[in-house]
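A.B. asks: Have a look; sequence and predicted model below, questions after that.
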Amino acid sequence: MADFIQLLVNGLAIGSVYALAAIGFVIVYSATGVVNFAAGQFVMFGTFAGVVTLINAQLPWSVAYGAALAIMALFGALFFITVYLPLRRGSIVTIIIGTVAVGIIMQNAALLSFGSWPFRLPSPLEDRVVNLGGAIISTHALGVVGVTTLMVAGLWVLFNRTSVGIGMRAVAQDLQAAKLMGLKVNRLLALSWVLAAVLAGVAGLMLGPMWFADVNMGDPIALKAFAATIIGGFGSLPGAIVGGLFVGLSEVLGASYVSSAYKDLISFGIMILFLLVRPQGVFGEKIQDRG
Amino acid sequence: MRAPLAIAAAILVLGGLIASVLPEYYLRLFNLSAISAVAVIGLNFAFGYAGLISLGHAAFVGMGAYGLAILTTAWGWSPWLAMPAAIATTAALAALIGYPLLRLRGHYLALATLGLNVSFYIVTSNWIGLTGGTNGIARIPELAIGSLALSGEHRFLCVALVTLAVVAALAAMLHASRHGREMMAVRDDEIASEMIGIDVTRVKITAFVLSAICAAVAGCLFALHVRFVAPEDFTYAHSITYLAMLIVGGEGTIVGAILGAILLTFLPEWLRFLGTAYLLFFGLLMLCILVFLPTGLVGLGRRMRPRSRKTAPSTSVGVPEMTS
């Protein structure tokens, strides 16, 4: 039982990170229709923004986290201008290859600036653990679950109670109508990229102490975020959360109860199963892309 | 009938001419680009003709390569027998996978095939009894006619070029045929195609299986050329490279598929002076081609032709196709 609780918390912690990455992916997809294959590299950038502010600049952690997220916000805006705007008229495959190319650029820019050695990103909660009924649980894992809950609550307020968030939803629903209503569509589209980058930044900062800060960490995260999005439902925020937690739990529980070699096959197998049987996912709306 | 023959002849003559002036080391890259070109022409069936976005093409290349490797090393078959068996197995698997998967479109199909490719990697690197795990399978026998071994870059090039020429000619024939037009009709408007009596599912699966067959041929050639297969050679990153070759060369065209395969195989070599910054530059180049040259290298050639030929009213809005 103690083992199970420990695995459960670890699964929820890693699942929370996947969920945040998936939420960023979903926000961008709903607003702009772009499937961002560089989503994993966004998270990697988040981790390395933490490396810059926490390790290189030696800032106190509250300042460092703020600075790292500011860097990510700036990066999101830059991405909107230099990648999204030129590519947005392209076909689906142009956008897929385009964002993959951007992912390659990001990964190798990080490799050139930081080298291939992994960094150890510290956690503000350090390495403290708590004993919960015999289960040894790191406070960082608990903190990750807590921060994700707060972020999700914040996003709910943003999208349901603020005019900016409601505007973003309007753009996602019908861009032309939103334009006709006098919304500043471009500004709202830019904001969704910024928000996605900041969410990826939070995910990256939380992931750093759990894994190592490694320039190759983007791809596995992206694949998990895709699986989470499909399972939860393309374009659905609650779906991204449920899907992320599911993928994290299936990874951790599957690794210890089924087979560590095939742990990833569980989430991808279920993802493919969902695509075949219920492509709209758990929460998604009816989709058009199915014959 | 003239265009397919012309393409096949052009590949053999130009390929032979280029090969005769290339130094030994580049010959190896030239072989690899011919092999990739076979795979990319296959991808063109699925994507260029039928509009199916597949990010799992490398998995089918891998199935062909592993099929040949297992049959020749573990079962002791001759490569000549193992090759058709591996190709047929891959085709059967593609039909089996394609039947449920091809109901999906666009992003969904892309992500599903991506998941397929990732699953292929996980299985090949963990099913150690069959695939040797991450160590792969070595000591694949060489191809031979009687006592004449088709090893070494020069002799292998003959095999690769002949295969490429045959595949390209068949692709050109398909493009001009009723079946090819059906595929393009499905790509351009699925509902309209259904209206005029095209069996959309059958056409899509045909395109998918044809693309897998070419992939398996490329995989067999790869296994016989490198004589070693490992999961790292068939990751989803390779699928994306195949798609990139097609887009850079010019989607929907056979010449574009070949040009893209050659360019993206040689590019790392030409950019070697950049050292570790190579991939960064590669990404930038890809992005620039997508933004500034959306019809690829073939489109560039077409754009440079005299404008007078463009004045004829054109009703086609689909992807341009090589006709000369």
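C.D. replies: Sure thing, it's come through.

A.B. asks: From now on I want contacts and neighbour counts done on CA atoms only, so please keep to that.
C.D. replies: OK.

A.B. asks: Any figure for the gap between the residue nearest to residue A:196 when sequence neighbours are not counted and residue B:115?
C.D. replies: Among residues not flanking residue A:196 along the chain, residue A:24 sits closest, at 4.0 Å (CA to CA, 6 or more residues apart in numbering or on different chains). Noted for residue A:24: a distance of 20 Å to residue B:115, by CA to CA, to the nearest Å.

A.B. asks: picking that back up, backbone phi and psi for the residue nearest to residue A:196, please?
C.D. replies: Torsion angles at residue A:24 (phi, psi; degrees, to the nearest 10) stand at phi -60, psi -40.

A.B. asks: Next up, the contacts around it.
C.D. replies: Counting by CA atoms under 8 Å, 6 or more residues apart in numbering or on different chains, residue A:24 touches A:39, A:195, A:196, A:197, A:199, A:200.

A.B. asks: in stretch B:137-147, what counts as buried?
C.D. replies: B:137, B:138, B:140, B:141, B:142, B:143 (16 or more other CA atoms under 10 Å in any protein chain shown).

A.B. asks: nearest to chain A, of those residues?
C.D. replies: Chain A lies nearest to residue B:137 out of the buried residues of stretch B:137-147, by CA to the nearest CA, at 19.3 Å.

A.B. asks: need the residues of the stretch 101-250 of chain B near chain A, please.
C.D. replies: B:101, B:103-108, B:111-112, B:115-116, B:118-119, B:122-123, B:126, B:240, B:243-244 (CA under 8 Å from any CA of the partner chain).

A.B. asks: same thing but 10 Å
C.D. replies: B:101-116, B:118-123, B:125-127, B:190-191, B:200-201, B:237, B:240-241, B:243-244, B:247 (CA under 10 Å from any CA of the partner chain).

A.B. asks: shaky segments in the chain?
C.D. replies: Using chain A here. Low-confidence segments of chain A, defined by pLDDT under 70: A:284-291.

A.B. asks: wrong one, I was asking about chain B
C.D. replies: Residues of chain B meeting the criterion pLDDT under 70: B:1, B:303-324.

A.B. asks: could you redo the last one with a cut-off of 50?
C.D. replies: Scanning chain B for pLDDT under 50 picks out B:308-324.

A.B. asks: Strands of the stretch 1-150 of chain A, start to end?
C.D. replies: Per DSSP state E, counting those that start in this stretch, the stretch 1-150 of chain A carries strands over the ranges A:129-132, A:135-138.

A.B. asks: name the helices or strands packed onto the last one?
C.D. replies: Yep, that's strand A:135-138 we're talking about. Contacting strand A:135-138 under the criterion 3 or more CA pairs under 10 Å, 6 or more residues apart in numbering or on different chains; DSSP states H and E are the following elements: helix A:2-32, strand A:129-132.

A.B. asks: partners of it, with directions?
C.D. replies: strand A:129-132 (antiparallel) (DSSP bridges).

A.B. asks: Need the residues that contact the strand it pairs with.
C.D. replies: Residues outside strand A:129-132 that contact it (CA atoms under 10 Å, 6 or more residues apart in numbering or on different chains): A:2, A:5, A:6, A:135, A:136, A:137, A:138, A:139, A:140, A:141, A:142.

A.B. asks: Run a quick neighbour tally on the first one.
C.D. replies: In this case it means residue A:2. Neighbour count of residue A:2, defined by other CA atoms under 10 Å in any protein chain shown: 14.

A.B. asks: Ok, the third one next?
C.D. replies: Burial of residue A:6, expressed as a neighbour count using other CA under 10 Å, amounts to 20.

A.B. asks: List the contacts of it.
C.D. replies: Residue A:6 touches A:12, A:131, A:132, A:133, A:134, A:135, A:136, A:137, A:138, A:141, counting by CA under 10 Å, 6+ apart.

A.B. asks: Among those residues, the buried ones, what's the ChimeraX command?
C.D. replies: Remark: buried members of the contacts of residue A:6, expressed as a ChimeraX selection using 16+ other CA under 10 Å:
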select /A:12,135,136,137,138,141
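
A.B. asks: just the contacts of residue A:6 now: which is nearest chain B?
C.D. replies: residue A:12 (22.7 Å).

A.B. asks: so that closest one touches residue A:144, yeah?
C.D. replies: Yes - Residue A:12 is within contact range of residue A:144, at 8.7 Å (criterion: CA atoms under 10 Å).

A.B. asks: picking that back up, closest to chain B among the contacts of residue A:24?
C.D. replies: Using CA to the nearest CA, residue A:39 comes nearest to chain B of the contacts of residue A:24, at 13.6 Å.

A.B. asks: From what I see, the closest one and residue A:107 are in contact.
C.D. replies: No - here residue A:39 does not reach residue A:107: they are 11.5 Å apart, not a contact under CA under 10 Å.

A.B. asks: shared neighbours, these two?
C.D. replies: Counting by CA under 10 Å, 6+ apart, the contacts common to residue A:39 and residue A:107 are A:45, A:218, A:219.

A.B. asks: hang on, the earlier thing: mind checking which of the contacts of residue A:24 land in helices?
C.D. replies: Among the contacts of residue A:24, DSSP state H puts A:39, A:195, A:196, A:197, A:199, A:200 in helices.

A.B. asks: ok, now how distant is the first one from residue A:99?
C.D. replies: When CA to CA is applied, the distance between residue A:39 and residue A:99 equals 9 Å.

A.B. asks: the more surrounded of these two?
C.D. replies: For the pair residue A:39 and residue A:99, the greater number of neighbours falls to residue A:39 (28 against 23), based on other CA under 10 Å.
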